[in-house]
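1. just a sequence and a predicted model for now, questions to come.
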Amino acid sequence: MNFELNNFELTGRLRAVLFDMDGVLFDSMPNHAYAWSHAMTDFGLKMEPEEVYMNEGRTGKGTINILSQRFWGRDATDEEVQQIYDAKSALFDSLPEAQPMPGAMEVLKKIRARGLMRVIVTGSATHALLDRVNAAFPGIFSPELMVTAFDVKHGKPNPEPYLMGLQKAGIGPEEAIVVENAPLGIQAARAAGIFTIAVNTGPLKDEVLREAGANVVLPSMLHLAAHWQEFF
Ligand code: CA
């Protein structure tokens, strides 16, 4: 195993697990990577799929401006942002719907069996989110314990989404753990003071997730499901 158990220390009594969504609960990042890199490249902003993973969690505008600064030497105008984001969204919507991440339901069932709260903390802004989550993971999540882009002013890597998740659960940071896949999401969770398990479901090196602050890096949700007992 590629992690050290002595790093795995929770100071409080565990009461909740906070889950990121894309790349953790759903295997949706390949679609996002494809859609972003193709849409950007169509507008003359060459974006490799790996860079999509590096910027996962950033707002659309923030992501576009990183590329526009590099290739055009300036921020994109609001109109350009809208055009590129619309193109990305259209491409994304044309792809087959992402499936639940292998192992995610097993992890969730084990957490439910322990009587721990399950919280979703996502930068996604989809109104149909709860329906989609309930269809994929029936009986696991409830609307009171979900944080979406509609709930917060600042997205990841700002800690606000995870602080809001703690607030909704009525607990402190020492009573929770986070499961994340993206560098900016890990930074947000650590800035909120929460122990963070990274599942490396994308193409980035483990080192990138560790440098973002992950307490533990695991290769997959299947791995977390299989080794859950060793952690808790
Ligand atoms: Ca994610």
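-> Alright, I've got the coordinates.
2. against Glu106, how distant is whichever residue of the chain sits closest to the ion?
-> In the chain, the residue that lies nearest the ion is Gly23 (3.8 Å; CB to the ion). In short, each C-beta sits where N, CA and C put it, glycine included. Look at Gly23 and Glu106: by CB to CB, to the nearest Å, they are 17 Å apart.
3. and the top helix by length along the chain, average pLDDT?
-> Longest helix in the chain by number of residues, with DSSP state H as the criterion: helix 78-94. Average pLDDT, helix 78-94: 95.
4. then stretch 202-210?
-> Stretch 202-210 carries an average pLDDT of 97.
5. mind listing what's buried in it?
-> By 16 or more other CB atoms under 10 Å, the buried positions in stretch 202-210 come out as 202, 204, 208-210.
6. can I get those in CSV with distance to the ion?
-> Below are these laid out as CSV (distance: CB to the ion, whole Å):
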residue, distance to the ion
Gly202, 9
Leu204, 12
Val208, 14
Leu209, 11
Arg210, 17
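7. get me the contact residues on this structure for the ion.
-> Neighbours of the ion within the chain, by CB under 5 Å from the ion: 20, 22-23, 181-182.
8. looking at Gly23 and Glu106, which one has more neighbours?
-> Gly23 (26 against 15; other CB atoms under 10 Å).
9. pretty sure the more buried one contacts Pro183?
-> No. Using CB atoms under 8 Å, Gly23 is not in contact with Pro183; the gap is 11.2 Å.
10. any residues in contact with both of the two?
-> Here Gly23 and Pro183 have Glu56 as joint contacts, going by CB atoms under 8 Å, 6 or more residues apart in numbering.
11. and this structure, what are its domains?
-> As given by automatic domain parsing, the domain ranges for the chain are 16-28+99-231, 29-94.
12. any idea which of the ones you listed is most buried?
-> Compared across the domains of the chain, domain 16-28+99-231 shows the largest average neighbour count, a mean of 19 (mean count of other CB atoms under 10 Å).
13. end-to-end on that domain?
-> 14 Å (CA to CA, to the nearest Å).
14. how distant is it from the center of its chain?
-> In terms of CA atoms, centre = their mean, to the nearest Å, the centre of domain 16-28+99-231 is found 6 Å from the chain centre.
15. next one: stretch 54-70
-> On CA atoms, centre = their mean, the centre of stretch 54-70 falls 16 Å from the chain's centre.
16. tell me where the chain has strands.
-> Using DSSP state E, the strands of the chain run over residues 16-19, 117-121, 146-147, 176-180, 195-199, 216-218.
17. could those strands go into JSON lines alongside mean pLDDT?
-> Output for those, formatted as JSON lines (pLDDT from 0 to 100):
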{"stretch": "strand 16-19", "mean pLDDT": "98"}
{"stretch": "strand 117-121", "mean pLDDT": "97"}
{"stretch": "strand 146-147", "mean pLDDT": "94"}
{"stretch": "strand 176-180", "mean pLDDT": "97"}
{"stretch": "strand 195-199", "mean pLDDT": "97"}
{"stretch": "strand 216-218", "mean pLDDT": "96"}
